[in-house]
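Engineer: Mind folding the following:
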Amino acid sequence: MVGGLGCGKSSILLSIDFAFFGEPIGRSYEYLLREGENSAKVTVQFILNGKTYTLTRGLRKRGKSINQDMEALRLLEEEKLIASSKNEAVEEQLRILTGLERDIFHEIIWIRQEHLKELLDVRPRERQTRLDQLFGLADYETAWNNIAGIQRDFEGERRAFEKDYDVVGFSSLQEEYNKTVVEFSGIDHELSGVRERVASAEQIFKEATTRLQGLESLRRQTEELQKKETELRTSVASLESICARFQDEIARRKEAIEGLQQRLKMMIEQRDSLFAQLHEAGLESGSFSVEDATAYLGSLDNQLSQIRVEHESDRKDLQATLQRISNLSTENMCPLCLQSLSNEYKDNLLGRLKNENSEHEKRMAELERSNDMLKTIRGKINNAIAALQPLLPRLEDLKRRITEEDEAVLRSTDEYEQRQRQLVEFKDKLVQVRGEVEKFDVTHLEAARSAEREASDNYRDLKRHLEVGEQEKRRVSERLDELKLRLDRAEQKMMRNERIGKLLDILDGVRSAYRGIQPKLRSEFVRILERVVQQVLDDLVGEGSLLSVSIDETYTPYIQSENGFEREVGNLSGGERTLLAFAYRLGLGQLIMQSKTGHGLQILLLDEPTESLGREDGSVDRLAEAVGRLKVIEQIIAVTHSEAFAEKAEHVIRLTKENGESRVTLEK
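Structural biologist: Model (predicted):
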């Protein structure tokens, strides 16, 4: 990648680092986000073992804070999503696929601008510490220090065991435990007999309680029966009183009925006598009602009125006839036509008038007899009606009273008989209840109460004795458990103390081994590193190289001339230091990747590797040719502003800046 200053070459490497590991270089992501933008996205595509992987990360600005956009985080294998949304998941997949870790990437793979000679310029002890960490040798130092702490802990634990009271007095503790076991057995044996007596006393108490409860229940039943007896006696007395009252009432009503019947008989005889008078007066036998008699009386009144009218008419006719006779006796003139009459005619006329008078007198006498007879009949009927009018309602009232009294007697008789049946029933019940009450004997209840109290006291005393024994047993058992626990702990402590002694012996050996193996492994790494760095340096310098590398235990490289003089890095020329630093980095990368992942360095990122090199002496060309000859590394990406260095690359990507934006073009 070639371009002028500020065109964005290093930004691409920074973006690759962000895509792989997601952490900022420094405190913020501001170096990645373009000014004036609120979001950014980086996508890196790489090929590994014939498969294409695509990794995408994003940034988002909220206020003054810039954070990862987890929604944009995705890792795809071909088109398949294998991790997303979480840094841990993506980092784990990348570690599985590539073996890359952030420290290795920053220290070995990505050689940043002005960091090429960093490992050469640091103090030897710091260099040794950093490289031991990358080689994994620091783990031995850490383990050696950690084991020392463990040893101190074990030593402190062993000293505590040696002062522990139970461990020191284990024999006395064992003897006390044995005595407590014997004491516990004695208490347990004694409690077995007490439990049997408690069980027997409990059974006797339950039986006494059951018997007492039965008698108490019988007493309550007897009291209920006594109440019932009282109620029955009261009911019997009440029923006897009621029955006697009913008897008196029935007798009184029967006596009253007899009197009413006598009166009824007399009134019926009086009524029949009056009806006989009416019959004699002309009423038919079927018409003996007061209404019929009154109607008949009215017809008699009509007959009397008619007789009076006829009698008055006959009287007037008689008077008129007498007047005519008188007139004829004195005069010979017809009283009607006022004509003179002959003597013969006068005598005939007087005879006829006298005959008429005689007829009138007879009829009047007959009418008077009929009138007298009708008056007599009318008087009898009127008297009979006057007597019947109050008699008949009294007669009906008397019959009604007799009927009511008869019905009352029947009702009273039914009630009396019902009460009599109840009385017999209650008397039978009373006899039965008295028999049940007499069965209960209060002395049995008092004896049962006394037996229950005695059984209760005995059971309570034995139970209290058992509880005291159980408490004593629990106390001894707790002491026994405590002693057993102390014994077990003491045994465990003794066994632990014994194991600690063995462990301390083992840890001494292990710690000595760690202390001894680290220098040996470091020496082996230094020997291999020296060979690899020399090989890479020879490839960089080319044939006829006069630079011979040696590396000491602090990973500090030295250059030996053909005369055998050894020079430190600080005494080399700028070009020699750049070539040595490059070879040193490549050698470290190959060795560290081989030890970490099982394969060598596959990719290398170089940011301005030609610093301190010039084209005049051919060092830039030699570095470019040397890099091109490094076939052990599959891909080398170099960021440079050196056109001479770029000419040796297989692919050149040129970056330019137009209107404040970087432009990328592929030249070859």
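Engineer: all helices for this structure, in order.
Structural biologist: Here the chain has its helices, by DSSP state H, at 9-21, 87-98, 102-104, 118-121, 124-135, 138-163, 165-168, 170-280, 290-330, 343-439, 442-541, 574-597, 619-629, 643-646.
Engineer: okay, those helices in TSV with distance to residue 654, mean pLDDT and mean neighbour count next?
Structural biologist: (Each C-beta comes from the backbone N, C-alpha and C, glycine too.) Output for the helices of the chain, formatted as TSV (distance: least, C-beta to C-beta, whole Å; pLDDT from 0 to 100; neighbours: other C-beta atoms under 10 Å):
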stretch	distance to residue 654	mean pLDDT	mean neighbour count
helix 9-21	10	89	20
helix 87-98	28	88	15
helix 102-104	30	82	14
helix 118-121	29	81	17
helix 124-135	35	83	17
helix 138-163	43	77	14
helix 165-168	81	77	16
helix 170-280	86	84	15
helix 290-330	157	75	15
helix 343-439	129	80	15
helix 442-541	26	83	15
helix 574-597	24	79	22
helix 619-629	17	73	19
helix 643-646	9	81	18
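Engineer: For residue 3, which of those helices is the nearest?
Structural biologist: Residue 3 sits nearest to helix 9-21 of all those, at 5.1 Å, using C-beta to C-beta.
Engineer: okay, the angle between that closest one and helix 87-98?
Structural biologist: Interaxial angle, helix 9-21 versus helix 87-98 (axes from the mean of the first three to the mean of the last three C-alpha atoms, to 10 degrees): 100 degrees.
Engineer: just use 5 as the starting number from now, easier for me
Structural biologist: Let's use 5 as the start, then, which means that last one is helix 13-25.
Engineer: what's next to helix 13-25, contact-wise?
Structural biologist: 5-7, 28-29, 33, 35-36, 46-48, 59-61, 95, 98, 104, 106, 109-110, 114, 116-117, 609, 611, 641, 643-645, 659, 666 (C-beta atoms under 8 Å, 6 or more residues apart in numbering).
Engineer: same thing but 7 Å
Structural biologist: Contacts to helix 13-25, defined as C-beta atoms under 7 Å, 6 or more residues apart in numbering, come from residues 5, 7, 29, 35-36, 46, 48, 59, 61, 98, 104, 106, 109, 114, 117, 609, 611, 643, 659.
Engineer: Going through the residues you listed, which ones are buried?
Structural biologist: Taking 16 or more other C-beta atoms under 10 Å as the criterion, what is buried in the contacts of helix 13-25 is 5, 7, 36, 46, 48, 59, 61, 98, 104, 109, 114, 609, 611, 643, 659.
Engineer: Sort out for me which of these are in strands.
Structural biologist: Among those, the ones falling in strands (DSSP state E) are 7, 46, 48, 59, 61, 114, 609, 611, 643, 659.
Engineer: Look up the residues forming beta bridges with the fourth one.
Structural biologist: It refers to residue 59. residue 48, residue 79 (DSSP bridges).
Engineer: Can you give me every residue that contacts it?
Structural biologist: So residue 59 contacts 23, 48, 79 (C-beta under 7 Å, 6+ apart).
Engineer: and residue 385, how far is that from residue 378?
Structural biologist: According to C-beta to C-beta, to the nearest Å, residue 385 stands 10 Å off from residue 378.
Engineer: what's the answer for residue 491, then?
Structural biologist: 154 Å.
Engineer: One more: residue 196?
Structural biologist: 136 Å.
Engineer: Kindly report the same for residue 149.
Structural biologist: The separation that residue 149 has from residue 378, given C-beta to C-beta, amounts to 172 Å.
Engineer: same check, this time on residue 611
Structural biologist: With distances taken as C-beta to C-beta, residue 611 is found 176 Å from residue 378.
Engineer: ditto for residue 106
Structural biologist: Remark: distance between residue 106 and residue 378 (C-beta to C-beta) = 165 Å.
Engineer: same check, this time on residue 582
Structural biologist: According to C-beta to C-beta, residue 582 and residue 378 sit 189 Å apart.
Engineer: Adding distance to residue 428 and pLDDT, write the ones in strands among the buried ones among the contacts of helix 13-25 out as JSON lines.
Structural biologist: Below are these laid out as JSON lines (distance: C-beta to C-beta, whole Å; pLDDT from 0 to 100):
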{"residue": "7", "distance to residue 428": "138", "pLDDT": "86"}
{"residue": "46", "distance to residue 428": "119", "pLDDT": "95"}
{"residue": "48", "distance to residue 428": "120", "pLDDT": "95"}
{"residue": "59", "distance to residue 428": "116", "pLDDT": "95"}
{"residue": "61", "distance to residue 428": "114", "pLDDT": "95"}
{"residue": "114", "distance to residue 428": "127", "pLDDT": "87"}
{"residue": "609", "distance to residue 428": "129", "pLDDT": "89"}
{"residue": "611", "distance to residue 428": "133", "pLDDT": "84"}
{"residue": "643", "distance to residue 428": "134", "pLDDT": "89"}
{"residue": "659", "distance to residue 428": "135", "pLDDT": "90"}
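Engineer: Please identify every residue contacting each of residue 385 and residue 378.
Structural biologist: Counting by C-beta under 7 Å, 6+ apart, the residues touching both residue 385 and residue 378 are residue 304.
Engineer: Residue 669 against residue 656, yeah?
Structural biologist: No: the pair residue 669 / residue 656 is not scored as a contact, 9.3 Å apart, by C-beta atoms under 7 Å.
Engineer: Neighbour count for these two, which is higher?
Structural biologist: Set residue 669 next to residue 656 and count neighbours by other C-beta atoms under 10 Å: residue 656 wins out with 15 against 10.
Engineer: Quick check: the gap between the nearest residue to the more buried one once chain neighbours are set aside and residue 538.
Structural biologist: The spatially closest residue to residue 656, leaving aside those adjacent along the chain, is residue 671, at 4.4 Å (C-beta to C-beta, 6 or more residues apart in numbering). For residue 671, the distance to residue 538 (C-beta to C-beta) stands at 35 Å.
Engineer: can you check residue 126 too?
Structural biologist: 21 Å.
Engineer: Now do the residue nearest to residue 607 when sequence neighbours are not counted against residue 608, distance only.
Structural biologist: Nearest residue to residue 607 in three dimensions, chain neighbours excluded: residue 639, at 4.9 Å (C-beta to C-beta, 6+ apart). Using C-beta to C-beta, one gets 7 Å for the distance from residue 639 to residue 608.
Engineer: likewise residue 207?
Structural biologist: Remark: distance between residue 207 and residue 608 (C-beta to C-beta) = 98 Å.
Engineer: what's the answer for residue 222, then?
Structural biologist: For residue 222, the distance to residue 608 - C-beta to C-beta - is 112 Å.
Engineer: these two touch, right, residue 536 and residue 591?
Structural biologist: Yes: checked against C-beta under 7 Å, the pair residue 536 and residue 591 is within contact range at 4.0 Å.
Engineer: Pull the residues that contact stretch 246-260.
Structural biologist: Contacts with stretch 246-260, where a contact means C-beta under 7 Å, 6+ apart, come from 409, 412, 413, 416, 417, 419, 420, 423, 424, 427.
Engineer: again, only this time at 6 Å
Structural biologist: For stretch 246-260, contacts defined as C-beta atoms under 6 Å, 6 or more residues apart in numbering pick out 409, 412, 413, 416, 420, 423, 424.
Engineer: OK, contacts around the fourth one?
Structural biologist: Think residue 416. Residue 416 neighbours (C-beta under 6 Å, 6+ apart): 250, 253, 254.
Engineer: Try it again at 7 Å.
Structural biologist: By C-beta under 7 Å, 6+ apart, residue 416 lies in contact with 250, 253, 254, 257.
Engineer: re earlier: and the residue nearest to residue 656, how close does it get to residue 649?
Structural biologist: Shown here: residue 671 relative to residue 649, a distance of 14 Å by C-beta to C-beta.
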